[in-house]
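Enquirer: Provided below are the primary sequence and the corresponding predicted coordinates.
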Amino acid sequence: MNVLEDEIETHLSPPQGLVNAHDSNSTRHTPFPPPPWPPKDSPAPASKQRGVSEERRVVTVMFADLVESTALAETLDPEDLRAILSRFYNLVAAEVRRFGGTVEKYLGDAALAIFGLPDVHEDDAERAVRAALAARDALAELNARLAAEGRSRLTMRIAVNTGEVVADPKGGVQGEFRLAADAINVAARLQQQAKAGSILLAPRTERLVRGIAETSSLGPVTLRGKAQPIEAWEVIGLRPERTQRGIPGLQAPLIGRGEEMDLLLHLYDRVARERQTQLVTIVGAPGVGKS
């Protein structure tokens, strides 16, 4: 998709992986009518509403892009095009928010969403995949309404990747997080390899969600600008029941937690002996390994 290609080049390089604000003075041709995104009735990216201190985090990135939107733009009046795309962005933003994510940026006809900024959840990868599936279902409902109106249906493709980023909201032109990370590149490039209507996962995300999602390996996929191919996984759907977390057959004993383990074992023995409930609270930052 030409517009997304231009946006990725502008926002992700150089430096590698840096997402900047859209250059409103750019003279680059775009088939979409100005003023752009988000539409007036669409919620502003949460990064414009809240700030966080610059820090390094593990987040999950979701890239959702319309397919064949250039051809769609050629057949519609600019006002009609804007109205349809506004509805598309509203439904994506609604599902992202519903699962605890934030829309970081709208790029042409694509949306970049982040799960893990500003709020961190231990299941951010799962939330991103659930949001992607929900957005795809919501688009099917929108297409039914568009068909009733005699309009063309919309198709999107989505990629989800998990990785480390450095968030620097103070450096953003309009308050964006300014995510500096290769994780953004991988999500953007992987999305370009997805078929219309599909959801692709990068390896790290697939490992994190295999307990809740049914996936199918597509094998090694070559991403433009990446030295090595990565294995891609297509999401088939959600599992009816969550499977056991972790790696089957792997036993990973706690290391360096002798005092904590002694306390837990003591309380366990006390419960077994006295038949009285004991409450234990494990406190730690998200991702530290409480589970």
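Expert: Received the coordinates, thanks. Residues are numbered from 1 along each chain as shown.
Enquirer: any weak-confidence spans in the stretch 1-150 of the chain?
Expert: 1-53 (pLDDT under 70).
Enquirer: let's see 90
Expert: Along the stretch 1-150 of the chain, segments meeting pLDDT under 90 span 1-57, 66-86, 104-110, 117-120, 122, 146, 149-150.
Enquirer: per the record, what domains does this structure have?
Expert: 2-238, 254-291 (automatic domain parsing).
Enquirer: please work out which of these is packed deepest.
Expert: Stretch with highest mean neighbour count among these: domain 2-238 (a mean of 18; mean count of other Cβ atoms under 10 Å). C-beta coordinates here come from the backbone N, C-alpha and C atoms, glycine included.
Enquirer: in the stretch 51-200 of the chain, which spans are helices?
Expert: Taking DSSP state H, counting those that start in this stretch as the test, the helices found in the stretch 51-200 of the chain are 69-75, 78-98, 124-148, 182-193.
Enquirer: quick one: closest of these to L279.
Expert: L279 lies closest to helix 124-148 among those, at 27.1 Å (Cβ to Cβ).
Enquirer: among the helices of the stretch 51-200 of the chain, which is nearest P240?
Expert: That would be helix 124-148 among these, by Cβ to Cβ, at 14.0 Å.
Enquirer: quick one: list the elements packing against the closest one.
Expert: Using 3 or more Cβ pairs under 8 Å, 6 or more residues apart in numbering; DSSP states H and E, the elements in contact with helix 124-148 are strand 55-66, helix 78-98, strand 110-115, strand 156-167, strand 199-201, helix 203-209, strand 230-238.
Enquirer: how about the ones you listed in JSON lines, adding distance to L146?
Expert: JSON lines is the format used below for the helices and strands packed on helix 124-148 (distance: least, Cβ to Cβ, whole Å):
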{"stretch": "strand 55-66", "distance to L146": "13"}
{"stretch": "helix 78-98", "distance to L146": "7"}
{"stretch": "strand 110-115", "distance to L146": "18"}
{"stretch": "strand 156-167", "distance to L146": "13"}
{"stretch": "strand 199-201", "distance to L146": "21"}
{"stretch": "helix 203-209", "distance to L146": "30"}
{"stretch": "strand 230-238", "distance to L146": "24"}
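Enquirer: any idea which of those gets closest to A272?
Expert: Closest of the helices and strands packed on helix 124-148 to A272 is helix 203-209, at 34.8 Å (criterion: Cβ to Cβ).
Enquirer: and that closest one, what does it pack onto?
Expert: helix 124-148, strand 156-167, strand 213-221, strand 230-238.
Enquirer: quick one: mean pLDDT for that helix?
Expert: What helix 203-209 shows for mean pLDDT is 94.
Enquirer: now do that helix: distance to the chain's middle.
Expert: 12 Å (Cα atoms, centre = their mean, to the nearest Å).
Enquirer: quick revisit: tell me which of the helices and strands packed on helix 124-148 sits nearest to Y268.
Expert: Evaluated with Cβ to Cβ, the helices and strands packed on helix 124-148 place helix 203-209 nearest to Y268, the distance being 29.7 Å.
Enquirer: picking up where we left off before, with distance to E54 added, can I get the helices of the stretch 51-200 of the chain in TSV?
Expert: Shown next, in TSV, are the helices of the stretch 51-200 of the chain (distance: least, Cβ to Cβ, whole Å):
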stretch	distance to E54
helix 69-75	34
helix 78-98	23
helix 124-148	19
helix 182-193	16
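Enquirer: nearest to K290, out of the ones you listed?
Expert: helix 124-148 (14.8 Å).
Enquirer: any idea of the angle the closest one forms with strand 156-167?
Expert: 140 degrees (axes from the mean of the first three to the mean of the last three Cα atoms, to 10 degrees).
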